[in-house]
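# No letters, just coordinates:
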């Protein structure tokens, strides 16, 4: 059985996205997404966004709904890629690019300084949070932001060039927003 998550703001507010019933797949809760986009501001007009571990696509679709010009969703599981494409087509979300890829490998080869915002919500038990944040640092423009969702608090020693901008906890989820230093 499929579950659904709703987009909470912007152009597609209240639209539903299907969520596959898979172990380890847990879409970002509404209240955490609401907090994130309050931190970022409601209007992401002109932003280039990477949702590196897309899953349900809730974070990437939310960014697109709020005006992001380009949103790249990375997902390695073929059935999840198909669900993302179905949602993109239904919403006519032409600014969304969906790629079947391993997020860390893809981020290691992507051009530097390509994104204003990178969304990192890897599986909690995969040990990918620290390497993903490190890889994201190179891809952010100066002043760009990286969002990390994890089961543990943010690291006390951030990757070089990043500073912790905001942090909150909602139940088991630690949400942190990092800012890349201006040049």
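It's in. No experiment lies behind these values; they were computed from the predicted model shown.

# surely residue 78 meets residue 100?
Yes: the pair residue 78 / residue 100 is scored as a contact, 6.4 Å apart, by C-beta atoms under 8 Å. Bear in mind the C-beta positions are built from the backbone N, C-alpha and C, glycine included.

# So between the two, which is more surrounded?
residue 100 (16 against 9; other C-beta atoms under 10 Å).

# Next one, pLDDT for the more buried one please.
For residue 100, the model assigns a pLDDT of 98.

# ok now stretch 31-49, how far from the chain's centre?
How far stretch 31-49 lies from its chain's middle: 10 Å, per C-alpha atoms, centre = their mean, to the nearest Å.

# and it, which residues are buried?
Neighbour counts over stretch 31-49 (16 or more other C-beta atoms under 10 Å) mark 32, 33, 35, 36, 37, 40, 44, 47, 48, 49 as buried.

# and the fifth one, what element?
Assigned by DSSP states H and E, residue 37 falls within helix 30-40.

# Same check on the last one?
Residue 49 belongs to strand 48-51 when elements are defined using DSSP H and E.

# Which elements pack onto the next helix-or-strand element following that strand?
Heading C-terminal from strand 48-51, the first helix or strand you meet, by DSSP H and E, is helix 58-65. Here helix 58-65 touches helix 30-40, strand 48-51, strand 70-75, strand 96-100, strand 115-120, going by 3 or more C-beta pairs under 8 Å, 6 or more residues apart in numbering; DSSP states H and E.

# can you redo these as CSV with distance to residue 129?
Below are those laid out as CSV (distance: least, C-beta to C-beta, whole Å):
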stretch, distance to residue 129
helix 30-40, 15
strand 48-51, 15
strand 70-75, 15
strand 96-100, 21
strand 115-120, 7
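
# closest one to residue 58 among those?
Taking C-beta to C-beta, helix 30-40 is the member of the helices and strands packed on helix 58-65 nearest to residue 58, at 6.6 Å.

# Quick one: mean pLDDT for that closest one?
89.

# Quick one: list the elements packing against that helix.
Secondary elements touching helix 30-40 (3+ C-beta pairs under 8 Å, 6+ apart): helix 58-65, strand 140-150, strand 162-170, strand 173-180.

# Would you convert the ones you listed into TSV that also reports mean pLDDT?
Converted to TSV, the helices and strands packed on helix 30-40 look like this (pLDDT from 0 to 100):
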stretch	mean pLDDT
helix 58-65	96
strand 140-150	96
strand 162-170	93
strand 173-180	94
